[in-house]
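Asks: structure here, sequence nowhere to be found:
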């Protein structure tokens, strides 16, 4: 495995810099404009979390208000919110540990090589017997098929009755 096959985080400090990309096409420029618009006008997820918290606190207060006085309902809502927060803390830390540990393990050289090897397995054009053959990416209408994609349109899905010869 050459250094070019490794992600930038595993290449080391002496790795050559990546060559500059070509000029972006129409779709890339359009995506950049939509991304800039979304980053400017759509709030961060933290804003949604704060708004949801305020809505839940107000709903809890309104629900508890008829059963208790205003001060007692406010204290009850704060108590409920505070105890629920600490119950979720252990779960949050477990999820953070899983994500961080998974990233660390996946970026080690042996595991990265294993992931690359496993990712190359489904690229076979020889399906299981009785299963439909995978379509090649980039094959357009039958008239535009390159030779590698060409087959009769009337043949329907290609099905194998026996494994292909090696």
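Replies: Arrived safely, thanks for sending. No experiment lies behind these values; they were computed from the predicted model shown.
Asks: surely residue 100 is within a helix?
Replies: Yes: assessed with DSSP: H, G, I helix; E, B strand; the rest coil, residue 100 lies in a helix.
Asks: neighbours around it, how many?
Replies: Counted with other Cβ atoms under 10 Å, the burial measure for residue 100 works out to 10 neighbours. (C-beta placed from N, C-alpha, C; glycine too.)
Asks: what's the answer for residue 73, then?
Replies: Neighbours of residue 73 (other Cβ under 10 Å): 18.
Asks: with residue 77 instead?
Replies: Neighbours around residue 77, by other Cβ under 10 Å: 20.
Asks: check contacts around it.
Replies: Residue 77 makes contact with 57, 60, 61, 64, according to Cβ atoms under 8 Å, 6 or more residues apart in numbering.
Asks: what packs against the host helix or strand of the second one?
Replies: Element membership for residue 60, per DSSP states H and E: helix 45-64. Using 3 or more Cβ pairs under 8 Å, 6 or more residues apart in numbering; DSSP states H and E as the contact test, the elements touching helix 45-64 are helix 70-106.
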